[in-house]
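Asks: Just to be clear, the model below is a prediction. Sequence and coordinates:
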Amino acid sequence: MAEYNFREIEQKWQGKWSAQGTFKAEVDPSKPKFYSLDMFPYPSGAGLHVGHPLGYIASDIVSRFKLLKGFNVLHPMGYDSFGLPAEQYAIQTGQHPAITTAQNIQRYTEQLKNIGFAFDWDREVRTSDPSYYKWTQWIFMQLFSSYYDLDADKALPISSLEARFEKEGNLAIKAVCDEGTPSFSKEEWNAFSETQKQKLLLHYRLTFLAETTVNWCPALGTVLSNDEVKDGFSERGGHPVERKKMMQWSMRITAYADRLLKGLDELHWSEPIKEMQRNWIGKSIGAEVVFEVKGSKEKIQVFTTRVDTIYGVTYLALAPESELAETLLSEEERKKAGAYIQQAKNRSERERMSDVKTISGAFTGSYAINPFTGEEIPIWIADYVLAGYGTGAVMAVPAHDERDYNFAKHFGLEIRQVIEGSMEHGSFPGKGGTLIHSGMITGMKMKEAMAKCISYLEERGIGRGKVQYRMRDAIFTRQRYWGEPLPVYFKEGLPYLIDEKDLPLVLPEVDKYLPTEDGAPPLGRAKDWTYTTATGTYPLELSTMPGWAGSSWYFFRYTDPSNHQSLAEKSKTDYWGAVDLYIGGSEHATGHLLYSRFWTKFLYDIGAVRIDEPFQKMINQGMIQGRSNFVYRIKGSNTFVSLGLKDNYDTSAMHVDVNIVHNDQLNLEKFKAWRPDLANAEFILEDGKYYCGAEVEKMSKSKYNVVNPDDIIERYGADTLRLYEMFLGPLEQFKPWNTNGIDGVFKFLKKLWNLFHDADGKFKVSEEVPSKDELKALHKAIKKLEEDMANYSFNTSVSSFMICVNELTALGCNKRQILEPLAVLVSPYAPHIAEELWELLGHSTSITKASFPEFKEEYLVESSFEYPIMINGKLRAKVNLSLSLDAGAIEKAALADAQVQKWLEGKAPKKVIIVPGKIVNLVV
RNA sequence: GCCGGGAUGGUGGAAUAGGUAGACACGCAAGACUUAAAAUCUUGUGGCCAAAUCGGCCGUGCGGGUUCGAUUCCCGCUCCUGGUACCA
């Protein structure tokens, strides 16, 4: 083989890896384990573009590096294969989503295999496969059969809760349950009917059916969770979303809010992502206060984080949706305020969001009593109070809260200052200030006053300290076809689990993937979608699970992907443990990453797994943006002007396929062949070339800027693609894809190849002992690579390979003792060429079984150093000196230099700074 | 509004316990090889002045500060970008 023939080499080794099972991972307690995971893709119809593999390449490099370091590496890949696009396509074409999904998966797999990943393909999972979703359904059943016990601070079986109800009722039980769960004694419980008992238990189950306000997307015909809605539109498809009350399954993720928050501290994730989760969970510590209503039995509960400002309360505000609002309307105000309530309720969520500046509200005509002062304060209805947070009512302190201030100003309500400070610029929070005009807490600071207020409230039974979370329970059902069926049937309108032996509950066939005529989900079209027990035949749940169900536990399944007895064998999940490195996009910060942590903690509680955090270390790769190219057509003609000359003509810009542009120069022949109307295009060139304009945009078909990895591989090979994706810049950074520099890494691989070959292209290495310089070049690269690996800085490693190969080429080095470790060094990045060279060197086993070369500091030790001599902080001269010299000798030598003398003009320096081995600075 | 991340040559980027800014690569220019082109190789390449030189000045988004010395630390801004938004 004369030349570097990447096509032949890459095919050969991909075949060998597959045939020899090179990347098969098995439990081996004698070795340390390393679990390297990529966020698995949704297999879309468009196939893989050049942005997808970025993270996979990085994790592949780490995986291969860990193999060389003696780790037992688990590096799997699979598909998140339930999802909306396949179903939308099914609606349009009638094609079963399972068919299109299988086709897409096949294409993805082929594309991924072309890149030469060290995946153990035998472990592939697909969330839409019944053998997989059997266990997603199983987890759902465990959640249904559990409640969260606050004393144990973990999930416990619902049966144990029932047992306690029988003995003591629910009065003394500390467990997470719905707001407004009724209290009952043991006598009452035991007297309840089965139906009544089941209804009550739903208030406690970790997944439960309840009427909730949901994000309803009419265009998609389904509800969406909060993280699937962006600015009032669906994340997928961008359809409008409205608020609606519906019977839905939810996951009681709020039970885990505090553990999800605390767990973050131990994780090696980037600070921004952790911060996003903290904000999403939104813990606030405050107090609940009960206000009596004058002349009424009603009481108003408010949640506040600033009880210390209670003496500054001048009105209460209720959310328009609150039921209390309506009951409290006085006769005089009923007409006006009632109209306001109607109007506020009808405003869509999006209107309310986009229009936060308009202040609106109405007086109820009722008054509440401040429990601290006995003072009467007006009760208002206000748009800015959200029904869904806290109690849907706030105690307004206009002097120290901006929204209350604006509202009070607008309606001319009293503003009463209770913290020292100036009201010149409106309200101020005054968290560090001293309280004034505040009765028993006057003179105190915030913290002390809050504690005092809370104990006052608790003593009188009119309030308590309370922790409030912003996070809501997660809606768990979608009115769609292409998802996991819920293993639930209904008897007398109440949900029951099917028998575990009947899992998986397989998705039924339907004639159309649309809702039924009476608006039921697509599963309503299935024949016999029922479940038969000893007592009769009952209807099954018609909704399916959301996209995040299957992806919330897939990392466990990889450890034992074909297990039929359990979601994975305990010994295997125990051995592989948590993911050591997780790479994926940051867009999953509040969705997938939170749900996965929740399910892992739950599985930990019920003893199914031994870890309670799934992802120890995570890196979020930056998105690859598109880089579009433009040509400029003279208006009304078929003549195109090169970029530099376009301003001389009246032109309009037109997107041109980036695949027929190289280094921003248009390939004229390919351009003419691109579209029939361009066949006779004419050009106005610069220096005989046509230069295109460029712009960074989203990668999309319509902008002709999609680059497919297959095309790059066809032209340069997978090793070049891998190196180039890394060379592009830091993994975490967002960057446009542009192929401008790819020739550089391709040339590098050729130079690497040439080191092992003579001028005639014959393989030739020498057995001679390497020189000092050769060893130095190699060991510099070893050192850099290890450092970079610790920082996940892949781009700089590629540079150091280039430097090493450039130096060795200059030295004419072809010595085995240098080239052999070099091949191992580059093998994680460019595995195919490394394997080929390794084989040529005479090895019969894969290079992945080699050991990473040991770094030896001794080869890098220098005896002299070229000192930069600075005069007043500016570099003026360089002097080569022995590193053994002390500061005095260095100074002497520096001052003796002719250049230095010239700058000193005979004067002695005022100050001399000498950092041995670094720098000399003279101040004149 | 609030909370993150960022800004370095024509381009992608490198260098932070403060110590030679621009590694490596692309592009560009000149040259070699070639009938020619491609490929390959060699040399140069931050800007300005000087001008084949010796050199000098400026320069890491902007304005200040600390320091012998700042891309790096501090203060105040500008712009881009991600998240979040009446969350009491």
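Replies: That came in fine, so what should we check first? Numbering: from 1, shown residues only, chains lettered A, B, ... in the order given.
Asks: What residues does A:Y204 make contact with?
Replies: A:147-148, A:158, A:161, A:175-177, A:181 (C-beta atoms under 8 Å, 6 or more residues apart in numbering). The way it works is simple: take the backbone N, C-alpha and C, and place the C-beta from them, glycine included.
Asks: What sits closest to it if chain neighbours are left out?
Replies: Excluding the flanking residues, the one nearest A:Y204 by C-beta to C-beta, 6 or more residues apart in numbering is A:Y147, at 4.1 Å.
Asks: Get me the contact residues on the stretch 751-900 of chain A for RNA strand B.
Replies: A:751, A:793, A:795-796, A:798-799, A:802-803, A:806, A:866, A:868, A:870, A:872-876, A:878 (C-beta under 7 Å from any atom of the strand).
Asks: Now the buried members of these.
Replies: A:795-796, A:798, A:802, A:870, A:876 (16 or more other C-beta atoms under 10 Å).
Asks: hang on, the earlier thing: which members of the residues of the stretch 751-900 of chain A next to RNA strand B occur in helices, if any?
Replies: A:751, A:795-796, A:798-799, A:802-803, A:806 (DSSP state H).
Asks: Take these and lay them out in JSON lines including pLDDT.
Replies: JSON lines is the format used below for those (pLDDT from 0 to 100):
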{"residue": "A:K751", "pLDDT": "93"}
{"residue": "A:N795", "pLDDT": "94"}
{"residue": "A:T796", "pLDDT": "94"}
{"residue": "A:V798", "pLDDT": "95"}
{"residue": "A:S799", "pLDDT": "95"}
{"residue": "A:M802", "pLDDT": "95"}
{"residue": "A:I803", "pLDDT": "94"}
{"residue": "A:N806", "pLDDT": "93"}
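Asks: With distance to A:Y632 as new columns, can those be given to me in CSV?
Replies: Shown next, in CSV, are those (distance: C-beta to C-beta, whole Å):
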residue, distance to A:Y632
A:K751, 38
A:N795, 34
A:T796, 38
A:V798, 35
A:S799, 36
A:M802, 36
A:I803, 40
A:N806, 40
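Asks: Specify which member of those residues is nearest to A:A396.
Replies: A:N795 (54.0 Å; C-beta to C-beta).
Asks: Quick check: the closest one touching A:E725?
Replies: No - in this structure A:N795 lies outside contact range of A:E725 using C-beta atoms under 8 Å: 9.6 Å.
Asks: ok so, going back, what about the residue nearest to A:Y204, how many neighbours?
Replies: 25 (other C-beta atoms under 10 Å).
Asks: Please apply the same query to the one 10 residues further on.
Replies: Applying the criterion other C-beta under 10 Å, we find 14 residues in the vicinity of A:P157.
Asks: my guess is it meets A:F144, correct?
Replies: No - the pair A:P157 and A:F144 does not pass the contact test of C-beta under 8 Å, sitting 11.0 Å apart.
Asks: Need the overlap of contacts for the two.
Replies: With C-beta under 8 Å, 6+ apart, A:P157 and A:F144 have no common neighbours.
Asks: interface residues of the stretch 251-400 of chain A facing RNA strand B?
Replies: Residues of the stretch 251-400 of chain A lying near RNA strand B (C-beta under 7 Å from any atom of the strand): A:271-272, A:275-276, A:279-280, A:282, A:284, A:286, A:302-306, A:319, A:352-353, A:355-356, A:358-360, A:383-386, A:388-392, A:394-395.
Asks: Mark which of the residues you listed are part of strands, please.
Replies: Mapping these onto strands (DSSP state E) picks out A:284, A:286, A:302-304, A:394-395.
Asks: now those residues: which count as buried?
Replies: A:286, A:302-304, A:394-395.
Asks: Around the residue in chain A that RNA strand B sits nearest to, how many other residues sit close by?
Replies: Closest contact between chain A and RNA strand B, by C-beta to the nearest atom of the strand, is at A:G744 (2.3 Å). By the criterion of other C-beta under 10 Å, A:G744 has 14 neighbours.
Asks: Quick one: classify it as helix, strand or coil.
Replies: Three-state assignment for A:G744 (DSSP: H, G, I helix; E, B strand; the rest coil): helix.
Asks: Mind listing what's buried along stretch A:760-773?
Replies: A:765, A:770.
Asks: what does stretch A:119-135 give?
Replies: For stretch A:119-135, by 16+ other C-beta under 10 Å, it's A:119-121, A:123-129, A:132-135.
Asks: chain center to that stretch: distance?
Replies: 22 Å (C-alpha atoms, centre = their mean, to the nearest Å).
Asks: How about stretch A:429-438?
Replies: Worked out by C-alpha atoms, centre = their mean, stretch A:429-438 lies 40 Å from the chain centre.
Asks: again with stretch A:240-249
Replies: 25 Å.
Asks: what's the average pLDDT for it?
Replies: Stretch A:240-249 carries an average pLDDT of 83.
Asks: Next: stretch A:253-269.
Replies: Mean predicted lDDT for stretch A:253-269 stands at 93.
Asks: contact partners of that stretch?
Replies: A:148, A:153, A:155, A:176, A:206, A:274, A:277-278, A:281, A:283, A:467, A:469, A:471-474, A:594-595, A:597-598, A:601-602, A:612-613, A:615-618.
Asks: Now which of the residues you listed would you call buried?
Replies: If we count by 16+ other C-beta under 10 Å, the contacts of stretch A:253-269 have these buried: A:148, A:155, A:176, A:206, A:274, A:277, A:281, A:469, A:471, A:473-474, A:594-595, A:597-598, A:601-602, A:612-613, A:615-616, A:618.
Asks: ok, back up a step: can you pick out the most distant pair from the buried residues of stretch A:119-135?
Replies: A:F119 and A:K134 (23.7 Å).
Asks: Quick check: buried residues in stretch A:110-118?
Replies: For stretch A:110-118, by 16+ other C-beta under 10 Å, it's A:111-118.
Asks: circling back: I'd say the residue nearest to A:Y204 and A:S159 touch.
Replies: No - with contact defined as C-beta under 8 Å, A:Y147 does not reach A:S159; the gap is 9.9 Å.
Asks: Doesn't A:G426 lie inside a strand?
Replies: No - under three-state DSSP, A:G426 sits outside any strand and is assigned coil.
Asks: Can you name the residues that contact it?
Replies: A:G426 touches A:402, A:405, counting by C-beta under 8 Å, 6+ apart.
Asks: how about a cut-off of 7 Å?
Replies: A:Y405 (C-beta atoms under 7 Å, 6 or more residues apart in numbering).
Asks: quick one: what helix or strand has A:F490 in it?
Replies: strand A:488-491 (DSSP states H and E).
Asks: Which elements pack onto that strand?
Replies: Strand A:488-491 is packed against strand A:494-497, strand A:536-539, with contacts defined by 3 or more C-beta pairs under 7 Å, 6 or more residues apart in numbering; DSSP states H and E.
Asks: hey, which of the ones you listed is tucked in deepest?
Replies: Of the helices and strands packed on strand A:488-491, the one with the most neighbours on average (mean count of other C-beta atoms under 10 Å) is strand A:494-497, at a mean of 17.
Asks: Just the CA coordinates for that one, please, in PDB.
Replies: The C-alpha trace of strand A:494-497 is given here as PDB (Å, rounded to 0.1, in the frame of the first residue of the first chain):
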ATOM      1  CA  LEU A 494     -61.000   4.400  39.200                       C
ATOM      2  CA  PRO A 495     -57.600   3.300  37.900                       C
ATOM      3  CA  TYR A 496     -56.200  -0.100  38.700                       C
ATOM      4  CA  LEU A 497     -52.900  -1.700  37.600                       C
END
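Asks: Figure out how far the helix or strand following that strand is from the centre of its chain.
Replies: Following strand A:494-497 in sequence order, the next helix or strand is strand A:530-533 (DSSP H and E). Relative to its parent chain, strand A:530-533 has a centroid offset of 40 Å by C-alpha atoms, centre = their mean.
Asks: Could you check how far A:D122 is from A:A98?
Replies: A:D122 is 22 Å from A:A98, where distance means C-beta to C-beta, to the nearest Å.
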